[in-house]
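>>> prediction below, plus the sequence it came from.
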Amino acid sequence: MDIQQEKVAVIGMGKTGLSAVRYLQRKHIACECFDEANVTLPEDMKDIVLHTGELNAKLLGSFDRVIVSPGIDWRHPVLAAVRACDVPVHGDLEEFLREYTGTLITVTGTNGKTTVTQMVGLLLETLSGGCDAGGNIGMPMLDLLANKQPERVVLELSSFQLERAQGLHPHLAILLNIQPDHADMHESPLAYRKAKMRMFEHMIVGDKAMLPLDMEWKSLVNDLSQRGVSLSYFGVMDENDTQVNQLAAGVLHRDGNQEEAKIFWTQDAQRHFIPCNQLMVKGFHQQQNIAVAAQVAADYGVSKAVIEEAMMSFQGLEHRLEFVGNIEGKDWFNDSKATNPDAAGAALSSFDKVVWICGGLRKELDLGSLTKTVQKHVMFACVVGKDAKAYEQLLKQAGVPYTVSKTIPKAVKDAAKQHCNAVLLSPAAASQDQFSNYAERGEVFVKSIRELTDG
């Protein structure tokens, strides 16, 4: 079939879907748009047919292939019916892989992948030929192909993007962690994990994988080793641990003491260190992430001086343990991107004691894993969102006093009254019960803090 004669359906008119439509337009491939919501298309797509409302399996089955946005549940019965008719159904990643021929670096994990992707992109941009970053963050990956192909690309990949791609073969694949998340969008935790593992399916001799040093990944390590894939490991570890020499990069500490901790990476067969108290990012989990990026940069030939400068000047991402400022005698931290319990737990562990603002759309995740962390690090909590009961139960079990504030502005006012010098928004929940996304939630949080000093 002449590719130009294809007819493609694109489902989901969010950022990714629109980028797919523009990609098809550039290639002069006919397409039609679908969205179950009552949306409109931008002006540059006014001549494209748009179908809104309930998806129609028979209609979709008449297309040569279907591109599905990551936010559309892969288990949607209409998608299942179309796949059963042998119509190719995939996401934007598969489209990207059809065309891109440069060096591909991929990053996945439940938490931390945005930080690593951004830092790797910034560091490798200093090399000849540069590096573009995109995928699940920033620029949609198909937009990276709008002009001349970049020599290197680093992609942040979600489980939703991975589960609907067949031909992924990265030159370097980085797995940060897999923790409970997106229980509402995957059949089971096993299905979520399986989606993440797709990143490694086609790796061969000459490729490289970076993994946490943890027995949890023993079978993956054995599989990749048998295929001749080069492996390196990272982690957060006590410097007296017997396994410490196996790490290529990470954070070393003494009995969990953050003041004496240091990040490191390996370059020219030597370890290079920076004390954590000289970094602008807070928390071992974030510091490990930038150490991973440093290791990637070192492996691709970025100089030690450039890496050091980048590590020490990096202020972190918006909404990821972002220091808002000292206002009304308290340090305020915006960690709105912590949409699951493990991310919130890592943030809480970065403090001695803190006022914790938590709650939102829980995504059916169990909060029990937070009990000991909350008990140790939370002095008082303010619960927000429409799913407060589970958070109340957690706080009661941890023996932590709390109030149900319901909204972010009210929680900020309630937190300001507490006798504690740090306040942390780290919801352990998605935001869509009250906001469009975590970024909007974080912006409302920051705005509410600023308003404390009005008048």
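Cool, the structure landed.
>>> going forward, measure contacts and count neighbours with C-alpha atoms only.
OK.
>>> where does pLDDT dip in this protein?
1-4, 180-187, 256, 454-455 (pLDDT under 70).
>>> quick one, longest helix in it?
Criterion DSSP state H: the longest helix present in the chain is helix 284-299.
>>> go through it and flag the buried ones.
Of the residues in helix 284-299, 284-298 count as buried by neighbour count, 16 or more other C-alpha atoms under 10 Å.
>>> pull the residues that contact that helix.
Contacts with helix 284-299, where a contact means C-alpha atoms under 8 Å, 6 or more residues apart in numbering, come from 112, 115-117, 119-120, 123-124, 234-236, 248-251, 258, 263-267, 276, 281, 304, 307, 311, 346, 350.
>>> now it, how far from the centre of its chain.
What separates the centre of helix 284-299 from the centre of its chain is 15 Å, taken as C-alpha atoms, centre = their mean, to the nearest Å.
>>> mind listing the strands for the stretch 201-350 of the chain?
For the stretch 201-350 of the chain, applying DSSP state E, counting those that start in this stretch gives strands covering 208-212, 230-238, 249-254, 257-267, 270-275, 322-327, 330-334.
>>> out of these, deepest packed?
When the strands of the stretch 201-350 of the chain are scored by mean count of other C-alpha atoms under 10 Å, the highest mean neighbour count falls to strand 249-254 (a mean of 26).
>>> could you check the angle strand 270-275 makes with that one?
Here strand 249-254 points in a direction 60 degrees away from that of strand 270-275 (axes from the mean of the first three to the mean of the last three C-alpha atoms, to 10 degrees).
>>> just checking: what are the partner strands of strand 249-254?
strand 230-238 (parallel), strand 257-267 (antiparallel) (DSSP bridges).
>>> just to revisit the earlier point, closest to residue 128 out of the buried residues of helix 284-299?
Distance to residue 128, by C-alpha to C-alpha, is smallest for residue 297 among the buried residues of helix 284-299, at 13.0 Å.
>>> if I look at the closest one, how far off is residue 93?
Between residue 297 and residue 93 the distance is 24 Å, computed by C-alpha to C-alpha, to the nearest Å.
>>> spit out the contact partners of residue 320.
Residues in contact with residue 320 (C-alpha under 8 Å, 6+ apart) are 334-338.
>>> by neighbours, which of these wins?
Ranked by neighbour count (other C-alpha atoms under 10 Å), the contacts of residue 320 have residue 336 at the top, with 30 neighbours.
>>> my guess is it contacts residue 444, does it?
No: between residue 336 and residue 444 there is no contact under C-alpha atoms under 8 Å: 10.2 Å.
>>> and residue 293, how far from residue 310?
Residue 293 sits 10 Å away from residue 310, taking C-alpha to C-alpha as the criterion.
>>> check residue 165 too.
Relative to residue 310, residue 165 is positioned 33 Å away (C-alpha to C-alpha).
>>> of those two, which one has the most company?
A side-by-side neighbour count of residue 165 and residue 310, using other C-alpha under 10 Å, places residue 165 first with 20 against 17.
>>> give me the element the residue lying closest to the more buried one once chain neighbours are set aside is part of.
Nearest residue to residue 165 in three dimensions, chain neighbours excluded: residue 94, at 5.1 Å (C-alpha to C-alpha, 6 or more residues apart in numbering). If you go by DSSP states H and E, residue 94 is part of helix 92-99.
>>> name the helices or strands packed onto that helix?
Applying 3 or more C-alpha pairs under 8 Å, 6 or more residues apart in numbering; DSSP states H and E, one finds that helix 92-99 contacts helix 159-163.
>>> what's in contact with the helix it packs on?
With C-alpha under 8 Å, 6+ apart as the contact definition, helix 159-163 has outside contacts at 70-71, 74, 91-93, 108, 192, 195-196, 198-199.
>>> closest to residue 271 out of the residues you listed?
Taking C-alpha to C-alpha as the measure, residue 271 lies nearest residue 108 of these, at 25.2 Å.
>>> what about that closest one, how many residues nearby?
By the measure other C-alpha under 10 Å, the count of residues near residue 108 is 26.
>>> going forward, count from 313.
In the new numbering, first residue 313, that becomes residue 420.
>>> does it touch residue 491 like I think?
No: with contact taken as C-alpha under 8 Å, residue 420 and residue 491 are classed as non-touching, separated by 11.6 Å.
>>> mind listing what the host helix or strand of residue 419 pairs with, with the direction of each?
For residue 419, the enclosing helix or strand under DSSP H and E is strand 415-420. Using DSSP bridges, the strands paired with strand 415-420 in its sheet are strand 464-468 (parallel), strand 484-487 (parallel).
>>> can you list contacts of that strand?
Contact partners of strand 415-420, identified using C-alpha under 8 Å, 6+ apart, comprise 425, 428-429, 463-471, 481-489, 508, 511.
>>> tilt between that strand and strand 520-524?
Interaxial angle, strand 415-420 versus strand 520-524 (the same axes, to 10 degrees): 20 degrees.
>>> can you list contacts of the next helix or strand after strand 415-420?
Moving toward the C-terminus from strand 415-420, the first helix or strand encountered (DSSP H and E) is helix 425-436. Residues outside helix 425-436 that contact it (C-alpha under 8 Å, 6+ apart): 419, 442-446, 449, 465-468, 488, 598, 601-602, 604-606, 608-609, 612, 614, 618-619, 622, 628-629.
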